[in-house]
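my questions concern the predicted model and sequence given below.
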Amino acid sequence: LLEAQKFVGGQRWQLKGIPNYIWLEEEARAGFDIDKLRRQMLSDIVNKPTAPGPIDWLSYDGIHWRTVYAILREFESAGYIRAHYLQDGPSIHEVTPLAKRALRNLE
């Protein structure tokens with residue numbers, strides 16, 4: 001279930017990490033309400049005046065940064081947002097109309 005890539009011309013493998021969907025499943029299994037967090041994050045993205053712009057993942061108290069990133073990647077895959085991932089953290093540069101529709105469906 002890990003992503004891996006074989007080094008060119010070698011016998012060694014590079015582990016790339018746990019896929020987002022597995023990470024989120026494990027967080028849910030540990031007791032986090034992932035659906036509630038998705039709603040909260042999408043609401044923040046759609047309704048806050050700072051979006052588009054940087055996401056302060058520290059504002060999601062008690063949530064691992066990897067969980068926030070995994071949900072943002074889901075939103076990107078669904079076409080809700082476009083984001084950049086920098087050393088300072090994620091920054092949203094586009095919020096699509098799909099995000100607003102999705103938020104209405106989640107409420």
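Yep, that arrived. Residues are numbered from 1 along each chain as shown.

ok, residues contacting the helix or strand hosting residue 83?
Using DSSP states H and E, the secondary-structure element containing residue 83 is strand 81-86. In this structure, residues lying in contact with strand 81-86 by Cβ atoms under 8 Å, 6 or more residues apart in numbering are 45, 52, 55, 69, 72, 75-76, 90-96, 99. Using the backbone N, CA and C atoms, a C-beta is placed for each residue, glycine as well.

tell me the mean pLDDT for the helix or strand that contains residue 105?
Here residue 105, judged by DSSP H and E, is contained in helix 97-106. Along helix 97-106, the predicted confidence averages to a pLDDT of 90.

repeat for stretch 25-42
93.

now the end-to-end length of it.
With Cα to Cα, to the nearest Å as the measure, stretch 25-42 spans 19 Å from end to end.

sorry, back to before: what are the buried residues along the next helix or strand after the strand holding residue 83?
Past strand 81-86, further along toward the C-terminus, the next helix or strand under DSSP H and E is strand 89-95. Across strand 89-95, burial judged by 16 or more other Cβ atoms under 10 Å covers 90, 92, 95.

can you show me the CA trace of the strand holding residue 83 as CSV?
What follows is the C-alpha trace of strand 81-86 in CSV, where atoms were taken according to Å, rounded to 0.1, in the frame of the first residue of the first chain:
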residue,chain,number,x,y,z
ILE,A,81,-9.4,24.3,-5.9
ARG,A,82,-6.0,24.8,-7.4
ALA,A,83,-3.1,25.1,-5.0
HIS,A,84,0.6,25.5,-4.6
TYR,A,85,2.5,23.6,-1.9
LEU,A,86,5.4,25.6,-0.6
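
partner strands of it, parallel or antiparallel?
The pairing partners recorded for strand 81-86 under DSSP bridges are strand 89-95 (antiparallel).

all set, thanks.
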